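Engineer: Just a sequence and a predicted model for now, questions to come.
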Amino acid sequence: MTQPPPAGWYADPGNAQQHRYWDGSAWTSHTAPATGPEGPLPPPGPADVPAATAASAEVAHRAPMPRPLIVALAAAAAAFIGSLMPWVSIGIISANGTDGDGKIVLFGALISAGLLMASTRGGRRYLIVGEIAALICLATSLYDTIHVSQDHAEIFGGTISASVGSGLWLDLIASAVLVGAIAQLWRSRGN
């Protein structure tokens, strides 16, 4: 397989009267006269790059999101969704998380996600508050999981047990992942 030529000034394939700058992978919009006593031309500098190109280059060179941040945001989204789903079922009847303590998890997940995004601009204090919100989500989900699994009702002389709904299970798992991911993010950012 043939390698492309290295970055530099070359004869413009569309105009023999000028040179065009090749950035190593594509032709740029930078041109210069083909003849001149000054010798080889230097590569275009930052002053030669239009503002829109400089801004897009800055975006292209930004570091990718750290994996713990992606995991934490996904866990916060899962906790939000779980709080809208059934938390408890008794027979064919179920109750969503927003009918009770799911509101705590819903707002805690939103707060954690917002603070995680704010922490990308600097400031570990956002992570501390986000971790507290995540711990509240975890404690609420754990308490309700235990409470629901111990509930029984007497109906027509028989006992019916409540079962933990899929939303509560999702919140319990997502909150635990959220707490762990924020802690990992904290450790990865140093003291």
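Structural biologist: Good, I have the coordinates.

Engineer: Could I get the average pLDDT for the top strand by length along the chain?
Structural biologist: Longest strand in the chain by number of residues (criterion: DSSP state E): strand 27-33. On average, the pLDDT along strand 27-33 is 83.

Engineer: If you count contacts, what does it end up packed against?
Structural biologist: Applying 3 or more Cβ pairs under 8 Å, 6 or more residues apart in numbering; DSSP states H and E, we find strand 27-33 packed against strand 18-22. (Each C-beta comes from the backbone N, C-alpha and C, glycine too.)

Engineer: about what we covered before: list the strands paired with the longest strand of the chain, with their directions.
Structural biologist: Strands that pair with strand 27-33, judged by DSSP bridges, come out as strand 18-22 (antiparallel).

Engineer: Okay, buried residues for the partner strand please.
Structural biologist: Neighbour-count burial for strand 18-22, counted by 16 or more other Cβ atoms under 10 Å, picks out 19-22.

Engineer: now do stretch 108-119
Structural biologist: Going by 16+ other Cβ under 10 Å, stretch 108-119 has these buried residues: 108-113, 115-116, 119.

Engineer: Among those residues, which one lies nearest to I92?
Structural biologist: Of all the buried residues of stretch 108-119, I92 sits closest to A109, with 28.3 Å by Cβ to Cβ.

Engineer: got a list of contacts for the helix or strand that contains the closest one?
Structural biologist: Using DSSP states H and E, A109 sits in helix 102-119. For helix 102-119, contacts defined as Cβ atoms under 8 Å, 6 or more residues apart in numbering pick out 69, 72-73, 76-77, 79-80, 82-84, 87, 96-98, 126-127, 129-131, 133-134, 136-137, 140-141, 167-168, 171, 174-175, 178, 182, 185.

Engineer: Then stretch 157-177?
Structural biologist: If you take Cβ under 8 Å, 6+ apart as the criterion, stretch 157-177 is touched by 71-72, 75-76, 78-79, 81-91, 94-97, 102, 105, 108-109, 134, 137-138, 140-142, 144-145, 148-149, 151-154.

Engineer: Pull out the buried residues from those.
Structural biologist: Restricting the contacts of stretch 157-177 to buried positions leaves 71-72, 75-76, 78-79, 81-90, 94-97, 102, 105, 108-109, 134, 137-138, 140-141, 144-145, 148, with burial counted as 16+ other Cβ under 10 Å.

Engineer: Just these: which are in strands?
Structural biologist: With strands taken from DSSP E, the overlap with the buried ones among the contacts of stretch 157-177 comprises 86-90, 94-96.
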